[in-house]
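Asks: Fold the following.
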Amino acid sequence: MTYTRDIDVESGLRRLGSPQYLSDSYTRRPKQIEDHPMGYPRFSALIASHDSFYICRRFSSLRARLLLRKQDNLSILEERLENIDRNECNPLRLGSYRRDNNEERQSVLSEIDKALSDYDDLIERSHRILALEDARQRNVSNLQNWVNGNGCVARAETAYLSRPEELASVASTDETIISWLETLIEDGLSRMRWHIGRRGLQDLSRDPNVYIPIKSSISRLTRVLMIPLIIALLLVPVIVCNYLTLMVARVCTIVVATTVFVGVLSISTRAKAAELVVAGATYTTVLTVFISTTGMP
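Replies: Here you go, the predicted model:
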């Protein structure tokens, strides 16, 4: 037996398009950490709330041990193959794979193929893991404080946080100055929270001891703060040179400005040496052209 019912499509569409429904959908707050059950669901929600919490162990010692084991296994297979070739009674087999019917050699070559595949795979995986950035102590301490304060995950299963020398950050940042500014903004908002209350500051936790701001808002504030810094770095030397009358003073200003510019790039970014040279040369060229076109007052 089949049951049917009438559906008022028109009234449903009116409800979906109503101002109240649209307002609720746009003002709906994100799901908070405390909305998840205690234990790993809540701990996983905390880690997922911010990229800096994606911290894991490298297991460098275990990787090295496996690498040494596979390497030695390949060495043994290599010796076996050399002995088989050395004791070959029919030298013509060594000059043609098609005529080589030595089953023992074929078996060893197959083992070498599999062993090399595992060896190469471990090397590639270890290379990717070892290339990860070290976890910042600030982020490790934040996770440890949360775990100690909530006590919803077994201590033995969070003991990895007490091995900082092995911890790596899965989410890496290419622009260190952006990360530095984000840290300053987060600290500033955290202090403001105690003065103006949590109202008006959207975050991902209801815990009074935890403040995790929404990442998109932090990123926007960081980009806004970057604008005056970049403008000051680029235009202050130009303004200074415009007020100087002596050519020697202008040249000294260019030298100082270029030194500061390259220094800021080297500290705040991961630019390579060649990229720093190109950026410094371009910056110096722009300032030099400005001096030559404006002339002496």
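Asks: which residues sit against stretch 109-119?
Replies: With contact meaning C-beta atoms under 8 Å, 6 or more residues apart in numbering, stretch 109-119 is reached by 67, 70, 71, 73, 74, 77, 78, 81. To be clear about C-beta, it is placed using only N, CA and C from the backbone, and glycine gets the same treatment.
Asks: how about 7 Å then?
Replies: For stretch 109-119, contacts defined as C-beta atoms under 7 Å, 6 or more residues apart in numbering pick out 70, 71, 73, 74, 77, 81.
Asks: How about the second one, nearest residue that isn't a chain neighbour?
Replies: Right, the one you point to is residue 71. Excluding its sequence neighbours, the residue lying closest to residue 71 (C-beta to C-beta, 6 or more residues apart in numbering) is residue 119, at 6.8 Å.
Asks: ok, the one you found to residue 154 distance?
Replies: Distance of residue 119 to residue 154, computed by C-beta to C-beta, to the nearest Å: 36 Å.
Asks: Find the centremost residue of this structure, please.
Replies: residue 172 (1.4 Å; C-alpha atoms, centre = their mean).
Asks: Let me know the pLDDT of that one.
Replies: Per-residue confidence at residue 172 stands at 71 (pLDDT).
Asks: try residue 113
Replies: Note on residue 113: pLDDT of 95.
Asks: In three-state terms, label it for me.
Replies: helix (DSSP: H, G, I helix; E, B strand; the rest coil).
Asks: Against residue 66, how distant is it?
Replies: From residue 113 to residue 66 the distance is 19 Å (C-beta to C-beta).
Asks: Who has more neighbours out of those two?
Replies: Legend: neighbour count by other C-beta atoms under 10 Å for residue 113 and residue 66, higher for residue 66 (15 against 10).
Asks: Ignoring the adjacent residues along the chain, who's closest to that one?
Replies: Excluding the flanking residues, the one nearest residue 66 by C-beta to C-beta, 6+ apart is residue 122, at 6.1 Å.
Asks: how distant is the strand or helix carrying the one you found from the center of its chain?
Replies: Assessed by DSSP states H and E, residue 122 sits inside helix 103-130. With C-alpha atoms, centre = their mean, to the nearest Å as the basis, helix 103-130 stands 30 Å off its chain's centre.
Asks: In it, which residues are buried?
Replies: If you call a residue buried by 16 or more other C-beta atoms under 10 Å, then helix 103-130 has these buried ones: 105, 108, 111, 112, 115, 119, 122, 126, 129.
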